[in-house]
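A.B. asks: Any chance you can model this:
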Amino acid sequence: MNLTAAGPDIGINRNFWHIIAATGISGIGDQIAQFSFIWAALMFGHHGLYVAPTVLAYSLPLVVFMLLGGAVGSRRPIQVLMVSGLGLALIAFVLGGLVPLTPAVLIVGAVITGLFDSVRAPTGQSLIALAVTPNHLYEANRIRQARFQVTRLTGPVLAGALIATIGVRHTFWAAALMFAAGSVGLLKSRVVRPMEARRGVDWSAISRGWRLIRAQPEMLWMMVFYGFSNFAWLGPLQVGVPRLVHFIFHAGPTMLGLVNGSFGVGLLVGTLFSGRLGRDVKAIRYMFLFTAASDLILGGAGLQHGSIGVALAFFGSGLVFAPVGLLFNTYVQARTPPDTMTSVLSFTTLTLQGVQPLSVLAAGIFGTMDPRILFLGAGGVATLADVVGFLLLNRLLGDNVLGGANT
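C.D. replies: Model prediction:
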């Protein structure tokens, strides 16, 4: 039986925890697979020659097909998420030993993974919002973010330890197992569905999602400046961190996993202490101040002289960044009807992730630069965008406190 928008006040119940657990297992698979792609790329070229092309091969199809992915997942999100997760399990299984792992094979695998994730990203985000009713959105997002940070910690650390122990090929098999288990685990989950849900793809959801966003300028500009901050960081983080840890600080996969996981630890701790923000109706006004503080600390990673210092900077950055995703996601979800949820989230995800190819390309162009200088520059650019975003958001909100209406 499916929940409906006209049903009872659905809160944090057994069905919600079922979805959290299943998507958490798949999330660990995501982190293991991404780490394995990066480490394999590091092994193929001097000073990480293939890292940028591999990341670019993943991010381009992710961006190009994101809106179509939102339409595909708009009517039957659970089934779509299961099928795409099983597809990723198959890709990871093939890379784990059925074909020779060459740079070309790695890049093709990254392209196909990006295609699947163009569906999984908006659909997976919408699932939690569709499992509860609006007055429980903030708490649901807080739990989802805490779960996500557990996977961001567990996945890279586990992947680094597995690669150091059994090699990168068998680590791909571990990712395949997690993808398959998480996908099957979604069986019997229930979410809110539009009253007139039909089979097939709801292509009109794309235009409905855009009209809803355009009608709320404060939401649109939040997306723009949040995305610009991401542009400053996605490339340096995905291309610069592996080079910094492996080639400059001469550390192995276990330390790289710990560095990547430290941001997740900070986010997890920050999320656990963000509960009171849900009762502050003015909190959305300060979203970009949290982002600015996080970007300054993350830029400070460029001043460190060892992997431990970088990990501590990542932890501090994640700690103060924790409220940002909660406030932004809750704000968007509270103003979006169920039949448009996946499409709207495909637009927000595209805004935040669509800059990834350009950011990775820029980081690749400056690939010979010391990654520490790259971090300092990214921190300055991102902080400037955050300050402008803060001033504009507060001007648009004026005397109307819109951010906490449904939290």
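A.B. asks: Where does the prediction get shaky in this structure?
C.D. replies: Within the chain, the stretches with pLDDT under 70 are 1-11, 45-48, 192-203, 235, 275-281, 353-358, 360-369, 399-407.
A.B. asks: tell me the contacts of the spatially most central residue of it?
C.D. replies: Nearest to the geometric centre of the chain sits Ala121, at 7.7 Å (C-alpha atoms, centre = their mean). Applying C-beta atoms under 8 Å, 6 or more residues apart in numbering, we find Ala121 in contact with Leu62, Met66, Gly69, Ser346, Thr349, Gln353. Placement of C-beta: from N, CA and C, glycine included.
A.B. asks: Can you give me the neighbour number for the closest residue to the first one other than its chain neighbours?
C.D. replies: Distances taken as C-beta to C-beta, 6 or more residues apart in numbering put Gly114 closest to Leu62, at 4.1 Å, once the chain neighbours are dropped. The number of residues packed near Gly114 is 24, by other C-beta atoms under 10 Å.
A.B. asks: Can you point out the helix or strand that includes Gly114?
C.D. replies: Gly114 belongs to helix 103-129 when assigned by DSSP states H and E.
A.B. asks: just the strands in the protein please.
C.D. replies: Along the chain, counting by DSSP state E, strands occupy 3-4, 192-193.
A.B. asks: what about the closest residue in space to Gly182 that isn't next to it in sequence, how many residues close to it?
C.D. replies: Nearest residue to Gly182, sequence neighbours excluded (C-beta to C-beta, 6+ apart): Ser26, at 3.0 Å. Per other C-beta under 10 Å, the neighbour tally for Ser26 reads 27.
A.B. asks: same deal with Gly97?
C.D. replies: As a burial measure, Gly97 scores 13 neighbours (other C-beta under 10 Å).
A.B. asks: what does the one 10 residues further on give?
C.D. replies: For Ile107, the neighbour count with other C-beta under 10 Å is 17.
A.B. asks: hang on, the earlier thing: counting neighbours, which of the contacts of Ala121 comes out on top?
C.D. replies: In terms of neighbours by other C-beta under 10 Å, the contacts of Ala121 top out with Ser346 at 30 neighbours.
A.B. asks: Surely that residue touches Leu67?
C.D. replies: Yes. Taking contacts as C-beta atoms under 8 Å, Ser346 lies within contact range of Leu67: 5.3 Å.
A.B. asks: Ala129 is in contact with Phe16, correct?
C.D. replies: No. Between Phe16 and Ala129 there is no contact under C-beta under 8 Å: 11.0 Å.
A.B. asks: Can you show me the helices along the stretch 101-250 of the chain?
C.D. replies: Secondary structure of the stretch 101-250 of the chain (DSSP state H, counting those that start in this stretch): helices at 103-129, 137-166, 168-184, 204-214, 217-235, 241-243.
A.B. asks: so what does the longest one touch, helix or strand wise?
C.D. replies: Right, the one you point to is helix 137-166. Applying 3 or more C-beta pairs under 8 Å, 6 or more residues apart in numbering; DSSP states H and E, one finds that helix 137-166 contacts helix 14-44, helix 103-129, helix 168-184, helix 253-272, helix 307-334.
A.B. asks: quick one on the thing from earlier: quick one, which of Phe16 and Ala129 is more surrounded?
C.D. replies: Applying other C-beta under 10 Å to Phe16 and Ala129 shows that Ala129 carries more neighbours, namely 27 against 23.
A.B. asks: what sits against that one?
C.D. replies: Per C-beta under 8 Å, 6+ apart, neighbours of Ala129: Leu137, Ala140, Asn141, Asn329, Gln333, Thr336, Met341, Leu345.
A.B. asks: Could you save these as a markdown table and add columns showing distance to Leu391 and neighbour count?
C.D. replies: Conversion of the contacts of Ala129 to a markdown table gives the following (distance: C-beta to C-beta, whole Å; neighbours: other C-beta atoms under 10 Å):
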| residue | distance to Leu391 | neighbour count |
| --- | --- | --- |
| Leu137 | 27 | 22 |
| Ala140 | 30 | 24 |
| Asn141 | 26 | 27 |
| Asn329 | 22 | 22 |
| Gln333 | 25 | 24 |
| Thr336 | 26 | 24 |
| Met341 | 30 | 28 |
| Leu345 | 26 | 27 |
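A.B. asks: Out of these, flag the one nearest to Ala22.
C.D. replies: Nearest to Ala22 among the contacts of Ala129: Ala140, at 15.0 Å, using C-beta to C-beta.
A.B. asks: In contact with the closest residue to Val150 other than its chain neighbours, which residues are there?
C.D. replies: Leaving aside its chain neighbours, Val150 sits nearest to Leu268 (6.2 Å; criterion: C-beta to C-beta, 6+ apart). Residues in contact with Leu268 (C-beta under 8 Å, 6+ apart) are Ala146, Gln149, Val150, Leu153, Gly318, Ala322.
A.B. asks: now do Val51
C.D. replies: Counted by C-beta under 8 Å, 6+ apart, Val51 has contacts Ile38, Ala41, Leu42, Gly45, Gln238, Val239, Pro242, Arg243.
A.B. asks: Of those, which is the most crowded?
C.D. replies: For the contacts of Val51, the largest neighbour count, defined by other C-beta under 10 Å, is 28 neighbours, found at Val239.
A.B. asks: Quick check: the farthest pair among the contacts of Val51?
C.D. replies: The largest separation in the contacts of Val51, counting by C-beta to C-beta, is between Gly45 and Gln238 at 15.4 Å.
A.B. asks: any idea how far Met219 is from the residue nearest to Gly182?
C.D. replies: To Met219, Ser26 is 28 Å away according to C-beta to C-beta, to the nearest Å.
A.B. asks: cool, Ala232 as well?
C.D. replies: 21 Å.
A.B. asks: go on, Thr113?
C.D. replies: Taking C-beta to C-beta, one finds Thr113 at 30 Å from Met219.
A.B. asks: Same check on Gly270?
C.D. replies: Relative to Met219, and taking C-beta to C-beta, Gly270 is found at 23 Å.
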